[in-house]
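[1] Fold the following, please.
(chains A, B and C)
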Amino acid sequence: MLYIIDILGTMAFAISGMLTAMNKRMDPFGVFVIAFVTAVGGGTLRDVLIGRTPVGWMQDLNYVYIIIFGFFVALIFRKKLDKLRTSLFLFDTIGLGVFTLIGIRRGLIVGLDPVICVALGTMTACFGGVIRDILCNEIPVIFRKEIYATICIFGGIVFFILRRLGFPEDLLYLVTSLLIIIIRLMAVVFKWSLPPLEK
Amino acid sequence: MLYIIDILGTMAFAISGMLTAMNKRMDPFGVFVIAFVTAVGGGTLRDVLIGRTPVGWMQDLNYVYIIIFGFFVALIFRKKLDKLRTSLFLFDTIGLGVFTLIGIRRGLIVGLDPVICVALGTMTACFGGVIRDILCNEIPVIFRKEIYATICIFGGIVFFILRRLGFPEDLLYLVTSLLIIIIRLMAVVFKWSLPPLEK
Amino acid sequence: MLYIIDILGTMAFAISGMLTAMNKRMDPFGVFVIAFVTAVGGGTLRDVLIGRTPVGWMQDLNYVYIIIFGFFVALIFRKKLDKLRTSLFLFDTIGLGVFTLIGIRRGLIVGLDPVICVALGTMTACFGGVIRDILCNEIPVIFRKEIYATICIFGGIVFFILRRLGFPEDLLYLVTSLLIIIIRLMAVVFKWSLPPLEK
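    The predicted structure is shown next:
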């Protein structure tokens, strides 16, 4: 179940990368690389930093295949992607919740401190987008607008509080990822954002 | 033989990096870093992702020395580099073919799937240039213009088809790298390029 | 003693990152990430390239805490940071000297060649700033202006000359880091810089 959501989230992230790349008038190879990096970049960075190599997508080809599949589907229907904006946003939000918890879990497996695990969760969920923006020569959007990464951090903290309170493992993952998804939906609906920090 | 070509390709990549950096009015340290990163960046990224650390150039200093050598030579003759444009382009193209196969071989050694090996080959050959462009604050040129990475992918696929057909190992490397080199030369002579992908 | 200086240097680097990020009108999360990356990015890159994972700051949380602490202090006093410019510059310079030697030491521990150790030292001291500038969509400042990285390289070379001459270990670290600090101070006072390299 988690795995299917993971795969759907990966595809949603890939398509969001494609949309950005096509606005930059990249060629098909460029668009594919951006799609790929947006989808697996966060998890790849996490794996490299904790020393889990060869990195995840090299060991489970389903990620590669789903991105290639998503790439061609989105290519064919690219004129109609605007109409799918809501579905895409929904998948992206589900991905945000699930990826955060996957990152936290990876940290726990390696035996890292909760503070680091929360950082790894946030990285997994948000840094594919950061690398996408750097490759597209933009200041990363999550550093400037919208509450996005902050929700992952909040969700990660709640995870470790509930964990200390003795919540059963399975419920813990479900509740926290749902929490992240719900807050993210609310943040977009009510247009929450952090104000820029000025000197 | 392969090793000498590898070293020549490294130098050609380094000098191509220098040319980009000098157009950005960088100081000598900046130019050197860009030259270095253009030359070994793709292989370094590959090594980090598959967990082959310390990365290649830390274990074989010849790469470092040839880049330093190329740096000073190009520095002295920098007014005349325009006249060497054709030789440089030739070395760069040879590097493209050889680096792709070196990347594929690294993947095979670690026992990775052919799909991942092709990605590693392309990365080895093309991502030094991507990192160069990011450090120079440009959208990577291989995402926008010219058939470059696509040829590496094509060459990698041919490699695995011939391999399955039972081609002898040595011939396999020779034929595929020559194929990449020839297609690249033709792509430049006939000005082949992928059209931008638009919504 | 070295450890305390290391921590102070980390904080100074973090605050220098914050100042850059606030000029780009980033939100608090963005400012924090830039502060973090400026402070530990160089050491993280070094650890990844030599295969020391999980990377340093994941294993010693003091780095994380001092950056969080520095972040909030600088946030509260952000209107007055201009007056602290001299203290900040001093910490930053001390950080430059200490970080270079920490990087060299890491290389020696792994048994790498002196040439590579000097590169690792320079990377540790300077590449946090490079990653900061890339995330802020700028050409890295150390590639364009001021003598900064070049001093680390020079200090590293002196380190290995004195080492070969049989200098006692402790004195070696002290003398070389002081040398880097003094030259950097002089470079700023006398406005030394490398001229851009042009074709």
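[2] Show me what the helix or strand harbouring A:Ile134 is packed against.
    Element membership for A:Ile134, per DSSP states H and E: helix A:114-135. Applying 3 or more CB pairs under 8 Å, 6 or more residues apart in numbering or on different chains; DSSP states H and E, we find helix A:114-135 packed against helix A:2-23, helix A:28-50, helix A:85-109, helix A:149-164, helix B:114-135, helix C:62-76, helix C:114-135. For every residue, glycine as well, the C-beta is placed using N, CA and C.
[3] The second one vs helix B:149-164, what angle?
    Right, helix A:28-50. Per axes from the mean of the first three to the mean of the last three CA atoms, to 10 degrees, the angle that helix A:28-50 makes with helix B:149-164 is 80 degrees.
[4] Helix A:28-50 packs against which elements?
    So helix A:28-50, by 3+ CB pairs under 8 Å, 6+ apart, packs with helix A:2-23, helix A:56-59, helix A:62-76, helix A:85-109, helix A:114-135, helix B:28-50, helix B:149-164, helix C:28-50.
[5] try it again with 6 Å
    helix A:2-23, helix A:56-59, helix A:62-76, helix A:114-135 (3 or more CB pairs under 6 Å, 6 or more residues apart in numbering or on different chains; DSSP states H and E).
[6] Highest mean neighbour count out of those?
    Mean neighbour count (mean count of other CB atoms under 10 Å in any protein chain shown) peaks for helix A:114-135 among the helices and strands packed on helix A:28-50, with a mean of 24.
[7] and it, C-alpha only, in PDB?
    In PDB, the C-alpha atoms belonging to helix A:114-135 read as follows (Å, rounded to 0.1, in the frame of the first residue of the first chain):
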ATOM      1  CA  PRO A 114      15.500  12.100  15.800                       C
ATOM      2  CA  VAL A 115      16.700  15.700  14.900                       C
ATOM      3  CA  ILE A 116      18.600  14.200  12.000                       C
ATOM      4  CA  CYS A 117      15.700  11.900  11.000                       C
ATOM      5  CA  VAL A 118      13.400  14.900  10.700                       C
ATOM      6  CA  ALA A 119      16.000  16.600   8.500                       C
ATOM      7  CA  LEU A 120      16.300  13.500   6.400                       C
ATOM      8  CA  GLY A 121      12.500  13.300   6.000                       C
ATOM      9  CA  THR A 122      12.300  16.900   4.900                       C
ATOM     10  CA  MET A 123      15.200  16.400   2.500                       C
ATOM     11  CA  THR A 124      13.600  13.400   0.900                       C
ATOM     12  CA  ALA A 125      10.300  15.200   0.400                       C
ATOM     13  CA  CYS A 126      11.600  18.600  -0.600                       C
ATOM     14  CA  PHE A 127      15.100  18.500  -2.100                       C
ATOM     15  CA  GLY A 128      14.200  17.000  -5.500                       C
ATOM     16  CA  GLY A 129      12.400  20.300  -6.100                       C
ATOM     17  CA  VAL A 130      15.400  22.200  -4.900                       C
ATOM     18  CA  ILE A 131      17.700  20.400  -7.300                       C
ATOM     19  CA  ARG A 132      15.100  20.900 -10.100                       C
ATOM     20  CA  ASP A 133      15.100  24.700  -9.500                       C
ATOM     21  CA  ILE A 134      18.900  24.900  -9.400                       C
ATOM     22  CA  LEU A 135      19.100  23.000 -12.800                       C
END
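[8] tell me the mean pLDDT over that helix?
    Helix A:114-135 carries an average pLDDT of 94.
[9] Please list the residues of chain A that sit near chain B.
    By CB under 6 Å from any CB of the partner chain, the part of chain A that sits against chain B consists of A:22, A:25-31, A:48, A:53-55, A:58, A:61, A:64, A:78, A:137.
[10] And for the residue nearest the centre of chain A, nearest residue in space, chain neighbours not counted?
    The centroid of chain A falls nearest to A:Ala125 when counting by CA atoms, centre = their mean (3.1 Å). Spatial nearest neighbour of A:Ala125, excluding adjacent residues (CB to CB, 6 or more residues apart in numbering or on different chains): A:Phe99 at 4.0 Å.
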